[in-house]
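**Student:** Structure, please.
(2 chains)
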Amino acid sequence: EAGVAQSPRYKIIEKRQSVAFWCNPISGHATLYWYQQILGQGPKLLIQFQNNGVVDDSQLPKDRFSAERLKGVDSTLKIQPAKLEDSAVYLCASTAVGYEQYFGPGTRLTVT
Amino acid sequence: QKEVEQNSGPLSVPEGAIASLNCTYSDRVSQSFFWYRQYSGKSPELIMSIYSNGDKEDGRFTAQLNKASQYVSLLIRDSHPSDSATYLCAVNPGTASKLTFGTGTRLQVTL
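**Tutor:** Numbering: from 1, shown residues only, chains lettered A, B, ... in the order given. Got it, this is the predicted structure:
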């Protein structure tokens, strides 16, 4: 069974630029999550989708971050404009039933 | 008070010893508990889940849960140098399937 796919793996941008990350969950997994992990910290949930609907986006900085999962499968997370403090690893995870979440390899974002 | 607390470490144990990793959580309604292993530069990997009080064993790993004390632990028996990683405790606070993570404990297994 293929795991969670993410791209790109690395991205370097300048502040005030925009960036987008893509995630394809494990086949059949209805729930998809985006996390932000800053160095030395645990992952922090940004947004949770159930199929193509948003379940929780309470910690998403909506003035600059947006995410969509239009067809209930893959998802895109966008940052516009980026700030220095957005430098982090962006992790996508998915789950079928229950709460066991499986993570993709992540995208390491560096904002200069 | 942080929702999920872990000692950041590093916790250093010799090869072959038992490593004991601890986690406390603040939300009493939490239902599900997970341990993830994260190697440097890699993403978290699920190694254990536990849902009821007591012990759950899987190979060299044992998860222990005490809901009354709001405490969950992970024991790693016969530690190998390859176990050296950061171990993240994650808790489902009872709202949908959202997880709250601790900051992780860095484990070093020495030769």
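**Student:** Could you give the number of residues near residue 51?
**Tutor:** All of this is about chain A. 12 (other Cβ atoms under 10 Å in any protein chain shown). Every C-beta, even on glycine, is put in place using the N, C-alpha and C of the backbone.
**Student:** hm, I was asking about chain B
**Tutor:** Neighbours around B:Tyr51, by other Cβ under 10 Å: 14.
**Student:** again, but for the one 4 residues further on
**Tutor:** Residue neighbour count, defined by other Cβ under 10 Å, stands at 11 for B:Asp55.
**Student:** ditto for A:Lys62
**Tutor:** 10.
**Student:** so how far is B:Tyr71 from it?
**Tutor:** When distance is defined by Cβ to Cβ, to the nearest Å, A:Lys62 is 36 Å away from B:Tyr71.
**Student:** need the residues of chain A near chain B, please.
**Tutor:** With Cβ under 8 Å from any Cβ of the partner chain as the criterion, chain A meets chain B at residues A:31, A:40-45, A:48, A:50, A:55-56, A:89, A:91, A:95, A:98-106.
**Student:** Report the buried members of those residues.
**Tutor:** Neighbour-count burial (16 or more other Cβ atoms under 10 Å in any protein chain shown) applied to these gives A:31, A:42-43, A:45, A:48, A:55-56, A:89, A:91, A:95, A:99, A:101-106.
**Student:** Please flag which of these sit within strands.
**Tutor:** Judged by DSSP state E, strands contain the following of these: A:Thr31, A:Leu45, A:Gln48, A:Val55, A:Asp56, A:Val89, A:Leu91, A:Thr95, A:Tyr102, A:Phe103.
**Student:** Out of those, give me the two with the largest separation.
**Tutor:** A:Val55 and A:Val89 (22.3 Å; Cβ to Cβ).
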